[in-house]
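Asks: Okay, predicted coordinates and the sequence, questions at the end:
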Amino acid sequence: GAEPPIEAHNLAHTTFKRHWWCNASTPFVSGSGAQRTRGILAWKLHVRAHSRRPAQRPPSATRRRPWWGDACLRPLRPLVSGNRRRGGVARGCCCFSVRFLPRRNSPPPPRRSGRWAMLASVRGRGGPVLSRVAPLPRAPRGGELLLRVEAAGVNPVDYKLPRLVAGRITGMDVSGVVEAVGDESNSGGFEVGDAVWGHTFGGAHAHRAVVRCDVVARKPPWLSHAQAAALPVAYITGLQGLRDAGGLRRGGSVLVIGASGGTGVAAVQLATAMGAAEVVAVCSGKNADLVRSYGATRVVDYTKEDVGEVCEAGHFDVIYDAATGSGAGEKYTARVLPLLRPKTGQYVQINGSAWRWIRGLTGTMPKQQHLILTKANRADLEALLALMAPPAGGAEQGTPAIVPLVEEVLLDEHGVKDVFARLKGRHTRGKLVFIMR
């Protein structure tokens, strides 16, 4: 029901406040699915004036109690009204405010199996934040699976991509258990209860996620969920960069720039597993022992040495650059190109300036230079598992040949804030992985 009209204020020197309401005829709908909210938009015009005569309230429409308090803007323009001869000149100002009024008869949001919300890391205006009321994902369709997420990897692209491009929920690396299959005839052989890992394009940093069957693979027992969640972006990018773009062969030499980060550690491990005879890592001196333990044969401390001067010109078959264009102003391209073998050496870059991206996406990169994007597919996931598989007799012990460097973080408010602050500050070693508990 509507509230009664507001009484006019008849005071000494008569300061009055008039309200005119004009409700929009078009309904206002916000959100989707379980969080859909319906209502109307209302504009409110405030006129504050000072008059010599008692204020007479004009006929007014009834008011509705707002759900939000009105956010009145600063005065926009002065207001002068009235006639001096008739005894009153009203002086004041006009300002506008907007209120959102939900419909009183709007039905509550639908609940799904008694639960309609979940914890998730969502993209906000100031960066990713934790939401406790993120809507559950839709039911899987043909060729899709609904996962109960056990672990989800974190990558710099999770905070760099805008919400319009990558969606509301952050995350692309996922490992979990199948809860529902969209279409059994097009499920890729997966069944409810299978442990799978791979890519998702609908947000992995949540307790539930929908994935496509062609970009996930079964998780072997010798790989934990946290380890599996660290692999898809970093290790598949390294595999495709070294094998496809770089053409690395057994006995070759590789230079890895930015070797202590998630993608850098992955490149060092993969180059060693693929049979590279020499793996030179560029990182800070405090991480030298770390990258040596993962297969680097030599370490260049960029805080003390210039890689372009200490390495021999024309020496490397592949240069894998995981630092240039990553956000801290690193520019190694011009310094390391002379280190490539003439005609056969390949420079592989995973980040770059806007101009480099334009050239990479249009296929106009210079010869022997590549800027790659990860191509999600099940075949490369299984090829990576083949490289990581434990040696003969090690399967029972569950010790893979390649062990990713993982730091587990609980998905909560503090964890989300800390993880993305560390990513932006470039103070990470290996991969950060959210754990759902």
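Replies: On my side now, so go ahead.
Asks: Give the rounded mean pLDDT of stretch 344-358.
Replies: Stretch 344-358 carries an average pLDDT of 89.
Asks: going forward, begin numbering at 14 instead of 1
Replies: Okay, residue one is now 14; in that scheme the one you just asked about reads as stretch 357-371.
Asks: Name the residues that touch it?
Replies: 250, 254-255, 258-260, 276, 327, 329-339, 346, 349-350, 352-353, 373, 378, 381-385 (Cβ atoms under 8 Å, 6 or more residues apart in numbering). Yep, even glycine has a C-beta here, placed from its N, CA and C like the rest.
Asks: So which of these belong to strands?
Replies: 331-334, 382-384 (DSSP state E).
Asks: so which of those residues is the most crowded?
Replies: Ranked by neighbour count (other Cβ atoms under 10 Å), the ones in strands among the contacts of stretch 357-371 have Tyr333 at the top, with 32 neighbours.
Asks: Is that residue in contact with Arg256, as I believe?
Replies: No. If you go by Cβ atoms under 8 Å, Tyr333 and Arg256 don't touch, sitting 11.3 Å apart.
Asks: Can you say which of the contacts of stretch 357-371 are buried?
Replies: 250, 254-255, 258-259, 276, 329-339, 346, 349-350, 352-353, 373, 378, 381-385 (16 or more other Cβ atoms under 10 Å).
Asks: Give me the below-cutoff pLDDT ranges for the stretch 314-450 of the chain.
Replies: For the stretch 314-450 of the chain, the stretches with pLDDT under 70 are 340-341, 405-411, 440.
Asks: residue boundaries of the helices in it?
Replies: Applying DSSP state H, counting those that start in this stretch to the stretch 314-450 of the chain gives helices spanning 320-323, 346-349, 367-375, 391-401, 426-438.
Asks: I'd guess Gly288 is in a helix, am I close?
Replies: No. Counting by DSSP: H, G, I helix; E, B strand; the rest coil, Gly288 falls outside a helix, being coil.
Asks: Setting the sequence-adjacent residues aside, check what's closest to it.
Replies: Excluding the flanking residues, the one nearest Gly288 by Cβ to Cβ, 6 or more residues apart in numbering is Arg263, at 3.3 Å.
Asks: Which helix or which strand is home to that neighbour?
Replies: Using DSSP states H and E, Arg263 is not contained in any helix or strand.
Asks: and of the ones in strands among the contacts of stretch 357-371, the nearest to Pro233?
Replies: Tyr333 (26.3 Å; Cβ to Cβ).
Asks: Identify the residues contacting that closest one.
Replies: 251, 254-255, 259, 267-270, 280, 284, 361, 363.
Asks: Would you indicate which residues of stretch 137-148 are buried?
Replies: In stretch 137-148, counting by 16+ other Cβ under 10 Å, buried: 140-144, 147-148.
Asks: Ala396 touches Leu252, doesn't it?
Replies: Yes. Assessed by Cβ under 8 Å, Ala396 is found in contact with Leu252 at 6.8 Å.
Asks: which one of those two has more residues nearby?
Replies: Legend: neighbour count by other Cβ under 10 Å for Ala396 and Leu252, higher for Leu252 (22 against 16).
Asks: centroid residue for the protein?
Replies: Central residue of the chain (Cα atoms, centre = their mean): Asp171, 2.6 Å from the mean position.
Asks: Excluding covalently adjacent residues, which one is nearest to that one?
Replies: Thr183 (4.3 Å).
Asks: and the one you found, what does it touch?
Replies: Here Thr183 is in contact with 134-136, 141, 167, 171-172, 216-218 (criterion: Cβ under 8 Å, 6+ apart).
Asks: Which ones among the residues you listed map onto strands?
Replies: Those of the contacts of Thr183 lying in strands (DSSP E): 134-136, 141.
Asks: Turn the contacts of Thr183 into a markdown table, columns for pLDDT.
Replies: Shown next, in a markdown table, are these (pLDDT from 0 to 100):
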| residue | pLDDT |
| --- | --- |
| Ser134 | 94 |
| Val135 | 93 |
| Arg136 | 92 |
| Pro141 | 92 |
| Val167 | 94 |
| Asp171 | 91 |
| Tyr172 | 90 |
| Gly216 | 90 |
| Ala217 | 94 |
| His218 | 95 |
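Asks: any chance of those in CSV, plus distance to Val228?
Replies: Below are the contacts of Thr183 laid out as CSV (distance: Cβ to Cβ, whole Å):
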residue, distance to Val228
Ser134, 21
Val135, 22
Arg136, 22
Pro141, 22
Val167, 18
Asp171, 17
Tyr172, 22
Gly216, 14
Ala217, 12
His218, 17
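Asks: Narrow those to those that are buried.
Replies: 134-136, 141, 167, 171-172, 216-218.
Asks: between these, which is nearest Ser200?
Replies: Nearest to Ser200 among these, with distances taken as Cβ to Cβ, is Ala217, at 19.8 Å.
Asks: and the nearest residue to the closest one once chain neighbours are set aside, which of the three is it?
Replies: Nearest non-adjacent residue to Ala217, counting by Cβ to Cβ, 6+ apart: Gly184, 3.2 Å away. Three-state call for Gly184 (three-state DSSP): coil.
Asks: residues touching Gly184, list them.
Replies: 134, 165-167, 171, 213, 216-219, 222, 447.
Asks: Now distance to Cys296 too, for the residues you listed, in JSON lines please.
Replies: Listed next are the contacts of Gly184 as JSON lines, based on distance: Cβ to Cβ, whole Å:
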{"residue": "Ser134", "distance to Cys296": "28"}
{"residue": "Ala165", "distance to Cys296": "26"}
{"residue": "Gly166", "distance to Cys296": "21"}
{"residue": "Val167", "distance to Cys296": "20"}
{"residue": "Asp171", "distance to Cys296": "23"}
{"residue": "Thr213", "distance to Cys296": "30"}
{"residue": "Gly216", "distance to Cys296": "31"}
{"residue": "Ala217", "distance to Cys296": "28"}
{"residue": "His218", "distance to Cys296": "27"}
{"residue": "Ala219", "distance to Cys296": "33"}
{"residue": "Ala222", "distance to Cys296": "33"}
{"residue": "Phe447", "distance to Cys296": "25"}
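Asks: Tell me the one of these nearest Pro404?
Replies: The closest of these, once distances to Pro404 are taken by Cβ to Cβ, is Gly166, at 25.5 Å.
Asks: ok, the nearest residue to the closest one once chain neighbours are set aside to Asn168 distance?
Replies: Distances taken as Cβ to Cβ, 6+ apart place Asp186 nearest to Gly166, at 3.1 Å, with adjacent residues excluded. Counting by Cβ to Cβ, to the nearest Å, the separation of Asp186 from Asn168 is 7 Å.
Asks: what do the two both touch?
Replies: Val246.
Asks: quick revisit: how much space separates the residue nearest to Asp171 from Ser134?
Replies: 5 Å.
Asks: follow-up on the earlier one: which residues are in contact with the residue nearest to the centre of the chain?
Replies: Asp171 neighbours (Cβ under 8 Å, 6+ apart): 141, 179, 183-185, 218, 433, 436.
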